[in-house]
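Asks: Sequence and predicted structure below; questions after.
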Amino acid sequence: MAGFDEMLGNSGDVRHPYRVYNSWFNDQELEHLLKKQKEAETFFRRSGITFAVYGEKEASERLIPFDILPRIISSMEWRRLAEGIEQRVVAINAFLSDIYHRQEIVRAGRIPERLIRNNSAFLPWMVGFTPPKNVYTHIIGVDIVRTSENEFFVLEDNARTPSGVSYMLENRETMMQMFPTLFAVNRVRPVENYPVLLRQSLAATAPPGCDGDPTIAILTPGIHNSAYFEHSFLADQMGAELVEGTDLRVIDGKVAMRTTRGYRPIDVLYRRVDDEFLDPLTFKPDSYLGVPGIMDVYRAGNITIANAPGTGIADDKAIYSYIPDIVEFYTGRKSILQNVPTRRCSEEDDCKYVLEHLDELVVKEVHGSGGYGMLVGPTSTKDEREIFAEKIKANPGNYIAQPTLSLSTVPIVSDEGLSPRHVDLRPYVLVSDSVRIVPGGLTRVALKQGSLVVNSSQGGGTKDTWVLED
Amino acid sequence: MLGKTANGLFWMSRYIERAENTARLVQAGLRMALTRSSSGEDEWASLLATAGASSSFFEKHDAATALNVVDFLIRDQENPSSVLSCINAARTNARLVRTAVTREVWENVNQAWMDMHELLRQPIREADLPYVLTDIKRDGSLIRGAFDGTMLRNEVYDFARIGTFVERADNTARILDVKYYVLLPSVAFVGSTLDNIQWESILRSVSGQRSYRWVYDAHYQPANIADFLILNPRMPRSLAFSYKKIFDNVKYLTEGQDDAHKLCQKTVQRNMSRLQGRTIADIFEYGLHEFLTEFIEDNNRLSQEIAEDFLFV
């Protein structure tokens, strides 16, 4: 499947954003670049930019492979993307606020009620509650793919706790260390202010009772969590405390952390644990990752939890197909970014179609993530399709299907020189008093030739992502 | 600062110090084994005693030989005080306190961890042992250098330093205690080769044989060696030096706090007073072994009290 290559275009002429890079590249020795590639790996290992792989005992720390050829986006392309992203996240926040209050969108008949009421991602606890400053998704990662010069699709809105932003930052850091001359000839918009923006954005949503500079902490499940590096990295860069459930306690109606000089209250908690582990008194009673009583403090308006509990309803794969309607309903305008056309197996006609076209479609679990539990039709075997068909028939509501998109490629540097590989893009969006988007994001690349799965758990790597200035 | 972070800093430093001390101890043992052909087994056994690892060692091995003691003290991850276990624990703690230390400190700890796992993948061959020991000590020096050169002198620094010196004082006191009989005047055969080697091995295990000669005379005198390692305020591994540092760092931590009364202050005071205004003759008269036992007990107590005072858990 020869898709659109973002560097070489369709005609083989190097596309405009890559021209300066390309002439630099042509002056380099491949061997030298491959050596640099190795160097990058050493750099990542030494910095401890690793992730834990569940279910592996020895050598349980792995690197996410990094490719040294940047993914380059022109300022014009970015402007359009950013506009579309902003429109989308504003709509998603409005949707969350509505769905936990009057549910106008259901009353207007734009979304079937059962999709909300019977959805396990809908959190009844949040009904009627308004989080500080009415912000639900303080941080969103919008997964975008490209199929041609002008076509972009949103694959997914990660509205819970999107990860990977530390790779965006470290990839840039690594590139600047290894290829300083590249940054002298290309005008690349900086990303390193992300931690500062994150801090500002979170601070802007501090609870009403907080005066002065709010105390911000990141709640991590601990050093064994696969994203621990990112948690500590962000805390370090933001100047926030990195806490675990065992460091926190509710005291005098506030959530407080145990310091060497006694308990000190926290105003904003950027939590990297899932909703159900947040408070054993409200949700999973056997959870040690959260803080007993934190939901009462939240209810009383004495702490900001970012993202708010219950935002999962917005990135549910069944809701996803309604996002264009959601955008229109709350913003009064057509959605700038397109959705991938999605068939819901919960609907009889769609389900029949999906079962008949399994070899063409990508089938996903409604609540799945990380590239697990999905079927990529065109690369699947007959046996795999048969097994999947049984699963769908047994529980149709659990599946959606999308056409296999011809994802764009960007070359990676390999022994053969430039080898095109499929990519996606995850920009990180901060929502509070305003919407802040750092230009670029994380480009994930499927390192296996022909593969469409970019997830790091499935053999994906990353690239530095450049947005050029005008 | 979070109590958990203080705890992590304290233990990170202790484990780094311990890894290095163990390497130094093995180095002294190796030297003894090379200079004395007979009764090497006693030496290796006394090394285990100094490292506080006798009982766990003999649960696993019948007799102490050069090979199995070295392996146990350096590579064996079932021994919680082996160099490899210490580096693992130091790195886990460093990850916990990643936000409190500079990038250089973290990277050096992480690098040491990577190096050690590579270096100690296979059992150490006898011929390689000197190089392995040098590498372990060098990793310790790199971490210390990064710490000294890049860390802000605030409470983060204080907790880490207290960890380092509590561990170091413990180590020096235990080396002395295991060998205390060699230092006692009543059993000293001054001038015999055997004793000279014993004394030198004590100094070697704290890298002090050279500086001893600068401070005292060329001859090893048991009382001088004891004075050097216990009371000399300029010897960086002596008890007096370690406690001066602990005293200062505890003072910085407690200064200006109204909830001043901390458990640990009293204990620091007590160990300080053991080391001040006394001569080595006084200590010998009191009983070197008794002195060291009480010192070690109070040093352990201090570690627990600091954890309590500063809400480590």
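Replies: Received, thanks.
Asks: residues from the stretch 151-300 of chain B in reach of chain A?
Replies: Residues of the stretch 151-300 of chain B that fall close to chain A, judged by Cβ under 8 Å from any Cβ of the partner chain: B:155, B:159, B:253, B:257, B:259. Backbone N, C-alpha and C define where each C-beta goes, glycine included.
Asks: Now stretch A:459-466: buried residues?
Replies: The neighbour-count check on stretch A:459-466 (16 or more other Cβ atoms under 10 Å in any protein chain shown) flags A:460-466 as buried.
Asks: er, stretch B:292-312 actually
Replies: Within stretch B:292-312, the residues scored as buried using 16+ other Cβ under 10 Å are B:292, B:295-296, B:298-299, B:301-303, B:305-307, B:309-312.
Asks: Over to stretch A:80-93?
Replies: Applying a neighbour-count criterion of 16+ other Cβ under 10 Å, the buried positions in stretch A:80-93 are A:81-82, A:84-93.
Asks: any residues touching that stretch, and which ones?
Replies: For stretch A:80-93, the surrounding residues in contact (Cβ atoms under 8 Å, 6 or more residues apart in numbering or on different chains) are A:73, A:134-137, A:140, A:142, A:144, A:152, A:154, A:157, A:159, A:314, A:323, A:326-327, A:329-331, A:333, A:335-337, A:427, A:429, A:431, A:435, A:437, A:439.
Asks: pLDDT-wise, which helix or strand of the chain ranks last?
Replies: You didn't say which chain, so I picked chain A. Among the helical and strand segments of chain A, the one scoring lowest on mean pLDDT, DSSP states H and E is strand A:51-52, with a mean of 72.
Asks: should've been chain B
Replies: Lowest mean among helices/strands of chain B [mean pLDDT, DSSP H and E]: helix B:180-183, a mean of 74.
Asks: helices or strands next to that helix in the packing?
Replies: helix B:193-204, helix B:222-230, helix B:288-309 (3 or more Cβ pairs under 8 Å, 6 or more residues apart in numbering or on different chains; DSSP states H and E).
Asks: chain center to it, what's the gap?
Replies: Here the centre of helix B:180-183 is set off from its chain's centre by 19 Å, with Cα atoms, centre = their mean, to the nearest Å.
Asks: Buried residues, it. List them.
Replies: Counting neighbours by 16+ other Cβ under 10 Å, one finds that the buried residues in helix B:180-183 are B:180, B:182-183.
Asks: excluding its backbone neighbours, what's nearest residue B:143?
Replies: On the basis of Cβ to Cβ, 6 or more residues apart in numbering or on different chains, the spatially nearest residue to residue B:143 that is not a chain neighbour turns out to be residue B:108, at 4.6 Å.
Asks: Distance of that neighbour relative to residue B:171?
Replies: Taking Cβ to Cβ, to the nearest Å as the criterion, residue B:108 is separated from residue B:171 by 21 Å.
Asks: again, but for residue A:388
Replies: Using Cβ to Cβ, one gets 62 Å for the distance from residue A:388 to residue B:171.
Asks: So between these two, which is more surrounded?
Replies: Higher neighbour count among residue A:388 and residue B:171: residue B:171, with 24 against 20, using other Cβ atoms under 10 Å in any protein chain shown.
Asks: For the more buried one, pull up the helix or strand it's in.
Replies: Secondary structure assigned from DSSP states H and E places residue B:171 in helix B:155-178.
Asks: I'd like to know how many residues surround residue 279.
Replies: No chain specified, so I'll use chain A. For residue A:279, the count of nearby residues is 25 (other Cβ under 10 Å).
Asks: please go with chain B instead
Replies: 11.
Asks: show me the contacts for it.
Replies: By Cβ under 8 Å, 6+ apart, the contact set of residue B:279 is B:227, B:231.
Asks: So what does the residue lying closest to residue B:68 once chain neighbours are set aside look like in phi/psi?
Replies: Nearest residue to residue B:68, sequence neighbours excluded (Cβ to Cβ, 6+ apart): residue B:61, at 5.1 Å. Here the main-chain torsion angles of residue B:61 (degrees, to the nearest 10) amount to phi -130, psi 150.
Asks: correct me, but residue B:61 touches residue B:67?
Replies: No - between residue B:61 and residue B:67 there is no contact, the gap being 10.1 Å when judged by Cβ atoms under 8 Å.
Asks: Quick one, grab the pLDDT at residue A:368.
Replies: With respect to pLDDT, residue A:368 scores 62.
Asks: buried stuff in whichever strand or helix holds residue B:33?
Replies: Assigned by DSSP H and E, residue B:33 belongs to helix B:3-35. Buried residues in helix B:3-35, defined by neighbour count with 16+ other Cβ under 10 Å: B:3-33.
Asks: now swap in stretch A:383-397 and tell me
Replies: A:385, A:388-389, A:392, A:396-397.
Asks: what's around residue A:42, how many residues?
Replies: Summarising burial for residue A:42: neighbours were counted as other Cβ under 10 Å, giving 11.
Asks: just to revisit the earlier point, ok, so of the buried residues of helix B:180-183, who is nearest chain A?
Replies: Compare each of the buried residues of helix B:180-183 with chain A using Cβ to the nearest Cβ and the shortest gap goes to residue B:180, at 36.9 Å.
Asks: Quick check: that closest one touching residue B:287?
Replies: No - using Cβ under 8 Å, residue B:180 is not in contact with residue B:287, being 9.3 Å away.
Asks: can you pull the contacts of residue B:212?
Replies: Under the criterion of Cβ under 8 Å, 6+ apart, the contact list for residue B:212 reads B:203, B:220, B:224-225, B:228.
Asks: Output those as JSON lines; include the columns neighbour count and pLDDT.
Replies: Written out in JSON lines, the entries for the contacts of residue B:212 read as follows (neighbours: other Cβ atoms under 10 Å in any protein chain shown; pLDDT from 0 to 100):
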{"residue": "B:203", "neighbour count": "20", "pLDDT": "90"}
{"residue": "B:220", "neighbour count": "21", "pLDDT": "84"}
{"residue": "B:224", "neighbour count": "18", "pLDDT": "91"}
{"residue": "B:225", "neighbour count": "24", "pLDDT": "92"}
{"residue": "B:228", "neighbour count": "23", "pLDDT": "96"}
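Asks: ok, then the element right after the helix holding residue B:33?
Replies: Proceeding C-terminally, helix B:3-35 gives way to helix B:40-50 as the next helix or strand, assigned by DSSP H and E.
Asks: Export only the CA atoms of that following helix, formatted as CSV.
Replies: Once side chains and other backbone atoms are set aside, the C-alpha atoms of helix B:40-50 remain, and they are given as CSV (Å, rounded to 0.1, in the frame of the first residue of the first chain):
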residue,chain,number,x,y,z
GLY,B,40,43.6,-16.9,54.5
GLU,B,41,40.3,-18.3,55.5
ASP,B,42,40.4,-16.4,58.8
GLU,B,43,40.9,-13.2,56.9
TRP,B,44,38.0,-13.7,54.6
ALA,B,45,35.8,-14.6,57.5
SER,B,46,36.8,-11.5,59.3
LEU,B,47,36.0,-9.5,56.2
LEU,B,48,32.5,-11.0,56.4
ALA,B,49,32.2,-10.0,60.0
THR,B,50,33.2,-6.4,59.2
